[in-house]
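Trainee: Take this sequence and fold it.
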Amino acid sequence: MFAIIGILLVFVSVIGGFLMEKGHIEVLLQPAELLIIAGAATGTLLTANPAHILKEIVRGLKEVIGGSKFGKQRYLNTLRMMYQFLNKVRKEGLLSVEMDVEQPDKSSIFKDYPDFLNDHHARDFVCDTLRMAITGGVEPFDMDQMMELDMEVSHHEATQPVSALSTVADALPGLGIVAAVLGVVITMGALGGPPEEIGRKVAAALVGTFLGVLLCYGVAGPLSSNMAKSADEHNSYLHVLRVLLLSFLKGSAPIIAIEMARRAIPAHVRPTFDQMEKYCKNRGVAATAATAAPAVAA
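Mentor: Numbering: from 1, shown residues only. This is a model prediction of the structure:
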């Protein structure tokens, strides 16, 4: 939402300042110049990138418009989910969660957290690590290396769409110059005509440069920067899961593993220890009561 507001503010400020200086808005309405720049930029994007990166660019732009998914509530839900999971392991052993790991969509724990299940990278990151823990024979140090490698690959893939969009943003001023040069060529062909017509053609040519620079620094550049921050947020989320899982693999108690993960959460969305403890343990009590009720009734 803030991305849309920001882009609108850019255009309102630029056009508003132009109108304040007694400019005529119709001069800026040059469909041909916009077609040259936007079409060439889209063609450049299609030429330079395979289909899967193009899909990721579209997905990344949707996330930018929708806002961040990694707020305090998302982290609290994740800590509570893993607290339930680790408590089950502590009470019933690693084999008790084998089906949760193999089929997370059907897990009695994971199914209550759709944000986690819908995040395929995070879900696979957790389940693959736990699958190796259940298999056994892998030292915590080696598991940590595997998680680090997984994060590096995931982050590299997440930054590819950002680089692609940044490349297009860098190309926009040049494409604006191309549109301006074409406008000058048309103007040169109209020399000898009425001064008013020549003036309109020169203005149209300059609008090409204006649009290229504006779209670069006012739209495409900020969007790619926001996408980069979204990729960093997801990497931070995986890092929290990595700290939690490593603590678990080293034999820490569930509350200790959860606390270590809490300390790894970025400061601006990090819950306090009291918030985390109450949120995790209250849900634990509720879950216990819910599972005990059918047994009593039986």
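Trainee: what about residue 25, neighbour count?
Mentor: 9 (other Cβ atoms under 10 Å). (Each C-beta comes from the backbone N, C-alpha and C, glycine too.)
Trainee: and if you look at residue 137?
Mentor: 7.
Trainee: pLDDT value on it, please?
Mentor: The model reports residue 137 with a pLDDT of 79.
Trainee: repeat for residue 294
Mentor: 35.
Trainee: and if you look at residue 55?
Mentor: Reading off the model, residue 55 has pLDDT 94.
Trainee: Same question for residue 270.
Mentor: Residue 270 carries a pLDDT value of 95.
Trainee: how about it, what does it touch?
Mentor: Residues near residue 270 by Cβ atoms under 8 Å, 6 or more residues apart in numbering: 72, 75, 262, 263.
Trainee: Not counting sequence-adjacent ones, nearest residue to the first one?
Mentor: What it means is residue 72. In space, and not counting its chain neighbours, residue 72 is closest to residue 269: 4.6 Å by Cβ to Cβ, 6 or more residues apart in numbering.
Trainee: In contact with that neighbour, which residues?
Mentor: With contact taken as Cβ under 8 Å, 6+ apart, residue 269 is in contact with 70, 71, 72, 75.
Trainee: rerun at 10 Å
Mentor: Counting by Cβ atoms under 10 Å, 6 or more residues apart in numbering, residue 269 touches 68, 70, 71, 72, 73, 74, 75, 76, 233, 236, 237.
Trainee: Tell me how many other residues crowd residue 74.
Mentor: When neighbours are counted by other Cβ under 10 Å, residue 74 registers 19.
Trainee: At which residues are the helices of the stretch 1-150 of the chain located?
Mentor: Taking DSSP state H, counting those that start in this stretch, the helices of the stretch 1-150 of the chain run over residues 2-20, 25-28, 31-48, 51-66, 72-92, 98-102, 114-118, 120-135, 140-189.
Trainee: For the helix or strand where residue 232 lies, name the packing helices and strands.
Mentor: Assigned by DSSP states H and E, residue 232 falls within helix 221-249. Using 3 or more Cβ pairs under 10 Å, 6 or more residues apart in numbering; DSSP states H and E, the elements in contact with helix 221-249 are helix 2-20, helix 51-66, helix 72-92, helix 120-135, helix 140-189, helix 254-263.
Trainee: Adding distance to residue 30, write those helices out as JSON lines.
Mentor: As requested, the helices and strands packed on helix 221-249 are exported to JSON lines (distance: least, Cβ to Cβ, whole Å):
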{"stretch": "helix 2-20", "distance to residue 30": "14"}
{"stretch": "helix 51-66", "distance to residue 30": "25"}
{"stretch": "helix 72-92", "distance to residue 30": "44"}
{"stretch": "helix 120-135", "distance to residue 30": "43"}
{"stretch": "helix 140-189", "distance to residue 30": "8"}
{"stretch": "helix 254-263", "distance to residue 30": "54"}
